[in-house]
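S.K.: 3D, please:
(2 chains)
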Amino acid sequence: MDLWNWLEYGAWALSAAFGLHMVLDWLRTDSTYPEDVLTSSREGELEAMAEEHKVKS
Amino acid sequence: MTEVDITSKTMDGIGPHGVKVGLLRVLGPAHVWALGVGIVLVGEYMGWNFAVGKGGAYAALIACWFAGILYTCVAMIDSEVTSTVASAGGQYTQAKHIVGPLMAFNVGLYLVFAYTMLEAANAITAGYLVSVVATMTGHEGELNQRPFIILVIMFLAWLNYRGVLATLTFNLVITAFAFAAILILFLSTSGIIGAGIMDHAALFEGHALPYGWIGILASLHFGLWFYLGIEGTTQAAEEVRSPARALPFGTLAGIMTLLIAATLTWYVCSGVLPWEFLGDGVNGSVAPLFDTARLSGSAGLVWLLGFGTLFATLASANGCINDASRAWFAMGRDKYLPGWFGAVHPKYRTPYRAIVFLVPIALIFALGAPLDQVITFSILSGLLGYTFMPLNIILFRRKWPLNSIKRGYEHPFHPLPAIMLLSLCGVTFFAVFLGYGTQLVAMIGFYIVVSLWFHFWRYRFVNRGAQFTMPWPKPQGY
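M.R.: I've put the predicted structure just below:
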């Protein structure tokens, strides 16, 4: 076993850690917050409030 | 309209009307530049040189500049529309507002397929690069590339999951490094710093256009590699602090960077590597800039371009995850896809479900499909998207003329760029048909089938009224 064989194992372990972190956080988030909060994002809200969309004549 | 100050600390840019969690507006023009150039720059490091194999070095240069004109039109048109339709989803959202739902559904799928397949291709390439480094450092036997391919996808997905600012700041650093590496290679090999090693005259003698003019036509397809993905800047529209300024600034600076990088790349590689070796991207020069560095005899340049190649690959995959997830999220938010995908993480403020959902799809392509097929389907989806753009801008200008709504940027010479882009797309489709006719027909067949599904089934679930949110006047003629 040389360094690269160890790096292979390291890559598997890190991949699993990143994947596990995402899935656990995803499940925790979904169980903590109600669905209407998580999916409350709407397109164009900031534009509607902050930008005028008027042309100077 | 409620009395809520959306610029206050508690609201942090999130609008009222029931919005409790939205994407975070934290990006600037440099992040937009990093997103666009980061996705593309890997095409300078590898892939473009197939154009040399198809028609020789001069044909590759013509393809490089031909595609440069095409993408300059893309960047100008995109800058105008997206600085006005500043929402996640980019061209999908533009199509929804300007053309109609069926076009939007198709454009959304073009985006997701183009970026997810490009992400898979980048992960495969990164795995290959690691195996090359292993061989160079004395590893005996064949290295298993799979754990490294998976690690690239998982790490970058995790980074995207955790927040857009860190993701695109990371892209900014590694993209700037990769671009600087090209500049340093040019300065070092052209004779500006130290002795030059280029000999264009000797290398081109008798090989100016080895396959004649038909070779130029055949090479056009690979000229796209120099710029493919710059249109991805539009996906940052909902996360930039000032869409009207940052999007045109970042996108146009991006295309200028790429025009310089593409021309320098062609000049450096074609002046050092024989065209037969340069043009064979499988058995010859897989990574031409890296090979040029190796021929320079400088260990420093070899390391610099080695890291440049790896960083360009990672930046591209990272940008692709960002863009594919925003397109998927925007389609979910409008119920073009299940509304479940339209969720935003309350802490990290990213479209976390879309990011996680696309991970296994990228892994399937990266581990189960051949690289050339993955790349071809990515290019074809991109090309279909470019064909939509000229039609989109013509309709946009007709429905909402310049004096009717405020734009962040107005592109010059309309409709010349649109007509030019449409013509160039037509020529490129013909060139693609010559080389990849079966894949082109299969891809168009796929989009026809999913369009029928959308029209006859899915459209009933779409938020028909709520999907049009821009506070614009009624379009002219309606």
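S.K.: mind checking how far B:Leu314 is from chain A?
M.R.: 14 Å (Cβ to the nearest Cβ, to the nearest Å). For the C-beta atoms, the positions are set from N, CA and C on the backbone; glycine is no exception.
S.K.: pull the number of nearby residues for B:Tyr211.
M.R.: Using other Cβ atoms under 10 Å in any protein chain shown, B:Tyr211 is surrounded by 15 other residues.
S.K.: is the residue lying closest to it once chain neighbours are set aside in a helix, a strand, or coil?
M.R.: Once flanking residues are discounted, B:Tyr211 sits nearest to B:Gly55: 5.4 Å by Cβ to Cβ, 6 or more residues apart in numbering or on different chains. Following DSSP: H, G, I helix; E, B strand; the rest coil, B:Gly55 is assigned to helix.
S.K.: wait, isn't B:Gly55 in contact with B:His207?
M.R.: No. Look at B:Gly55 against B:His207 with Cβ atoms under 8 Å: they stay out of range, at 10.6 Å.
S.K.: tell me which of the two has more neighbours.
M.R.: B:Gly55 (27 against 14).
S.K.: now do the same contact list for the more buried one.
M.R.: B:63, B:209-211, B:214-219 (Cβ atoms under 8 Å, 6 or more residues apart in numbering or on different chains).
S.K.: so which of those comes closest to B:Leu168?
M.R.: Nearest to B:Leu168 out of the contacts of B:Gly55 is B:Ala63 (Cβ to Cβ; 30.0 Å).
S.K.: so that closest one sits against B:Leu217, correct?
M.R.: No. Judged on Cβ under 8 Å, B:Ala63 makes no contact with B:Leu217 at a distance of 9.3 Å.
S.K.: so which strand or helix has B:Lys347?
M.R.: Using DSSP states H and E, B:Lys347 sits in no helix or strand.
S.K.: what does the model give it for pLDDT?
M.R.: pLDDT for B:Lys347: 93.
S.K.: what of the one 10 residues further on?
M.R.: On pLDDT, B:Phe357 comes in at 98.
S.K.: and it, how many neighbours?
M.R.: 18.
S.K.: can you check my assumption that it lies in a helix?
M.R.: Yes. Counting by three-state DSSP, B:Phe357 is part of a helix.
S.K.: please name the residues that touch it.
M.R.: B:328, B:341.
S.K.: and it, how far from chain A?
M.R.: 10 Å.
S.K.: can you check B:Ser381 too?
M.R.: Here the criterion is Cβ to the nearest Cβ. By it, B:Ser381 lies 23 Å from chain A.
S.K.: tell me where chain A has helices.
M.R.: A:3-32, A:35-38, A:45-50 (DSSP state H).
S.K.: hmm, the longest one touching chain B?
M.R.: So the one you mean is helix A:3-32. Yes. Helix A:3-32 is in contact with chain B by Cβ under 8 Å from any Cβ of the partner chain, via A:3-4, A:8-9, A:11-12, A:14-15, A:18-19, A:21-23, A:25-26, A:29.
S.K.: re earlier: as JSON lines, the contacts of B:Gly55 with secondary structure would be great.
M.R.: Shown next, in JSON lines, are these (three-state DSSP):
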{"residue": "B:Ala63", "secondary structure": "helix"}
{"residue": "B:Leu209", "secondary structure": "coil"}
{"residue": "B:Pro210", "secondary structure": "coil"}
{"residue": "B:Tyr211", "secondary structure": "coil"}
{"residue": "B:Ile214", "secondary structure": "helix"}
{"residue": "B:Gly215", "secondary structure": "helix"}
{"residue": "B:Ile216", "secondary structure": "helix"}
{"residue": "B:Leu217", "secondary structure": "helix"}
{"residue": "B:Ala218", "secondary structure": "helix"}
{"residue": "B:Ser219", "secondary structure": "helix"}
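S.K.: most neighbours out of these, which is it?
M.R.: B:Ala63 leads the contacts of B:Gly55 on contacts (other Cβ under 10 Å) with 32 neighbours.
S.K.: OK, contacts around it?
M.R.: Contacts of B:Ala63 (Cβ under 8 Å, 6+ apart): B:51, B:55, B:216, B:219-220, B:222-223.
S.K.: ok, now with 6 Å
M.R.: Residues near B:Ala63 by Cβ atoms under 6 Å, 6 or more residues apart in numbering or on different chains: B:51, B:219-220, B:223.
S.K.: so where's the stretch 301-450 of chain B shaky on pLDDT?
M.R.: For the stretch 301-450 of chain B, not a single residue meets the criterion pLDDT under 70.
S.K.: distance check, the residue nearest to B:Tyr211 against A:Leu14.
M.R.: 43 Å (Cβ to Cβ, to the nearest Å).
S.K.: then B:Pro248?
M.R.: 39 Å.
S.K.: how about the contacts of B:Gly55 in CSV, adding pLDDT?
M.R.: What follows is these, written out as CSV (pLDDT from 0 to 100):
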residue, pLDDT
B:Ala63, 94
B:Leu209, 85
B:Pro210, 86
B:Tyr211, 87
B:Ile214, 88
B:Gly215, 90
B:Ile216, 90
B:Leu217, 87
B:Ala218, 86
B:Ser219, 89
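S.K.: re the thing from before, of the contacts of B:Ala63, which belong to helices?
M.R.: Short answer: the contacts of B:Ala63 in helices (DSSP H) are B:51, B:219-220, B:223.
S.K.: for chain A, tell me which of these show up nearby.
M.R.: Among the ones in helices among the contacts of B:Ala63, no residue is within reach of chain A (Cβ under 6 Å from any Cβ of the partner chain).
S.K.: which of those residues are buried, as a PyMOL select command?
M.R.: To isolate the buried subset of the ones in helices among the contacts of B:Ala63 in PyMOL, counting by 16 or more other Cβ atoms under 10 Å in any protein chain shown, use the following:
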select buried, chain B and resi 51+219+220+223
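S.K.: ok, the ones in helices among the contacts of B:Ala63 vs chain A, which is closest?
M.R.: Distance to chain A across the ones in helices among the contacts of B:Ala63 (Cβ to the nearest Cβ) is lowest for B:Ala51, with 33.5 Å.
S.K.: say whether chain A is contacted by stretch B:116-124.
M.R.: No. Using Cβ under 6 Å from any Cβ, stretch B:116-124 stays clear of chain A, coming no nearer than 11.3 Å.
S.K.: can you show me the CA trace of stretch B:451-469 as PDB?
M.R.: What follows is stretch B:451-469, C-alpha atoms only, in PDB (Å, rounded to 0.1, in the frame of the first residue of the first chain):
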ATOM      1  CA  SER B 451     -42.800  19.000 -24.200                       C
ATOM      2  CA  LEU B 452     -45.800  16.800 -24.900                       C
ATOM      3  CA  TRP B 453     -45.700  15.600 -21.300                       C
ATOM      4  CA  PHE B 454     -45.600  19.200 -20.100                       C
ATOM      5  CA  HIS B 455     -48.400  20.400 -22.300                       C
ATOM      6  CA  PHE B 456     -50.800  17.600 -21.700                       C
ATOM      7  CA  TRP B 457     -50.100  16.800 -18.000                       C
ATOM      8  CA  ARG B 458     -47.700  19.000 -16.100                       C
ATOM      9  CA  TYR B 459     -49.000  22.400 -17.000                       C
ATOM     10  CA  ARG B 460     -52.200  22.000 -15.000                       C
ATOM     11  CA  PHE B 461     -50.100  22.200 -11.800                       C
ATOM     12  CA  VAL B 462     -48.300  25.400 -12.800                       C
ATOM     13  CA  ASN B 463     -48.900  28.600 -10.700                       C
ATOM     14  CA  ARG B 464     -50.300  30.400 -13.800                       C
ATOM     15  CA  GLY B 465     -51.000  33.700 -12.200                       C
ATOM     16  CA  ALA B 466     -48.300  33.800  -9.600                       C
ATOM     17  CA  GLN B 467     -45.500  33.000 -12.000                       C
ATOM     18  CA  PHE B 468     -45.500  36.500 -13.600                       C
ATOM     19  CA  THR B 469     -44.100  38.700 -10.900                       C
END
